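Colleague: coords please:
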Amino acid sequence: MFGDIVKVTPSSKVVGDMAIWMVKQGLDGKGVSARARELTFPESVIDFMRGSLGKPPGGFPEPLRGDILKGAATVEGRPGASLPPFDWAGAKREMEALAGVEVARRDVVSFALYPKVLRGYMEHRALHGDTSVLPTPTFFYGLRVGEEAWIDIEPGKTLIVKLLSIGEVEPDGARVLTFEVNGQSRQLRVADDSAKVSGPKRRRATTKPGEVGAPMPGRVIDLVTKVGEQVKAGQKLLVTEAMKLETVIKAPVSGTVREIVAGAGESVEAGDLLVLIEETAAEAAAAAPA
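Modeller: Take a look at the predicted model:
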């Protein structure tokens, strides 16, 4: 479908994101081509079609490219030539604000290359501390009741942590853990992400033009609109993420944002209502049957 794609490391993510997205949508190549104008594509695919990874030797596939971009601006020439100078001092200040300590230049270089990954890493450290001291199996899988982990937090200082019990799931999805730290009993209440917590069901999007639904299950990671904002058809509203697959949700019609149903950090299922847009009178009239 994409022709002779640019052979660079990021294009492997484009291919992977597209494959996952097609499986989740239940689409084959013909289905994608037939419905491209109405579908919401992964952000990496849109970025590729814009020309952010360069121009393929045989050019971009048309009309698929135009249907995917839906009027989005394209990058002409070598992508790196149009990038603004990087603000090294500003990046260092941002990282240190997240970390709360001075950061090394190598971390700032990593931030310049992978800003989202490093931002998430620094936020993780600020929230949880330096979890790199944990044994790898403990970090990934946790402890089973009766197991213990020896954790060297600094030279000559070791914590021996033993898990004694795991409490039942509470109404809000949390559990109480009882454990020993160097022989002293401690309790900690933590959220269990795997727990099924009953709550009010989300509203479902209908076929009405102004109702923007989630194209697949995931989590809202970026909300760039607000209630009362005037938006144009094709304008970015929010970004969802699932299995590292980011999907940009754009306005299907021009109008006023009347309601934001799912905010940043909230989990959604396919078809859940995300944003409600009230169409402009002119666009609504044009879409009405004669």
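Colleague: CA atoms for contacts and neighbours, from now on please.
Modeller: OK.
Colleague: Pull out the buried residues from stretch 97-113.
Modeller: The neighbour-count check on stretch 97-113 (16 or more other CA atoms under 10 Å) flags 98-99, 108, 111-112 as buried.
Colleague: So what touches stretch 61-80?
Modeller: Stretch 61-80 has contacts (CA atoms under 8 Å, 6 or more residues apart in numbering) with 1-3, 33, 36-37, 39-41, 46, 49-55, 234.
Colleague: One more pass at 7 Å, please.
Modeller: Contacts made with stretch 61-80 from outside it, assessed by CA atoms under 7 Å, 6 or more residues apart in numbering, are listed as 2-3, 33, 36-37, 41, 46, 49-54, 234.
Colleague: sorry, back to before: greatest separation within the buried residues of stretch 97-113: which pair is it?
Modeller: Across the buried residues of stretch 97-113, no pair lies farther apart than Ala99 and Ala112, at 16.0 Å, counting by CA to CA.
Colleague: re earlier: show the buried residues in the contacts of stretch 61-80.
Modeller: 2, 33, 36-37, 41, 46, 49-54, 234.
Colleague: Looks like Pro42 contacts Thr247 (just checking).
Modeller: Yes: taking CA atoms under 7 Å as the definition, Pro42 is a contact partner of Thr247 at 4.1 Å.
Colleague: Between the two, point out the one with more neighbours.
Modeller: Legend: neighbour count by other CA atoms under 10 Å for Pro42 and Thr247, higher for Thr247 (26 against 22).
Colleague: contacting residues around the more buried one?
Modeller: For Thr247, the contacting residues are 41-43, 239-241, by CA under 7 Å, 6+ apart.
Colleague: Those in strands, which ones?
Modeller: Judged by DSSP state E, the subset of the contacts of Thr247 located in strands is 239-241.
Colleague: coming back round to it: among the buried residues of stretch 97-113, name the ones in helices.
Modeller: Among the buried residues of stretch 97-113, the members falling in helices (DSSP state H) are 98-99, 108, 111-112.
Colleague: rewinding a little: closest to Ile153 out of the contacts of Thr247?
Modeller: Nearest to Ile153 out of the contacts of Thr247 is Glu241 (CA to CA; 33.6 Å).
Colleague: do you know how far that closest one is from Met22?
Modeller: Distance of Glu241 to Met22, given as CA to CA, to the nearest Å: 15 Å.
Colleague: swap in Asp4?
Modeller: Following CA to CA, the distance that separates Asp4 from Met22 is 19 Å.
Colleague: And these two? Which one has more around it.
Modeller: Comparing Asp4 with Met22 by other CA under 10 Å, the one with more neighbours is Met22, at 16 against 13.
Colleague: Does anything pack onto whichever strand or helix holds the more buried one? Which helices or strands?
Modeller: When elements are assigned from DSSP states H and E, Met22 belongs to helix 9-25. The criterion is 3 or more CA pairs under 7 Å, 6 or more residues apart in numbering; DSSP states H and E, and the helices and strands that helix 9-25 contacts are helix 43-50.
Colleague: ok, then the element right after the helix it packs on?
Modeller: Once the chain leaves helix 43-50, the next helix or strand it forms, by DSSP H and E, is helix 64-69.
Colleague: how is the chain carved up into domains?
Modeller: Structural domains assigned to the chain are 9-82, 88-128, 131-191, 211-287, following automatic domain parsing.
Colleague: Using TSV, lay out the ones you listed together with distance to Lys201 and mean pLDDT.
Modeller: Converted to TSV, the domains of the chain look like this (distance: least, CA to CA, whole Å; pLDDT from 0 to 100):
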stretch	distance to Lys201	mean pLDDT
domain 9-82	22	90
domain 88-128	29	87
domain 131-191	15	92
domain 211-287	9	85
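Colleague: any idea which of the ones you listed is most buried?
Modeller: Ranked by mean neighbour count under mean count of other CA atoms under 10 Å, the domains of the chain are led by domain 211-287, which reaches a mean of 18.
Colleague: Give me the distance from that domain to the chain's centre.
Modeller: How far domain 211-287 lies from its chain's middle: 15 Å, per CA atoms, centre = their mean, to the nearest Å.
Colleague: cool, and stretch 31-42?
Modeller: With CA atoms, centre = their mean as the basis, stretch 31-42 stands 20 Å off its chain's centre.
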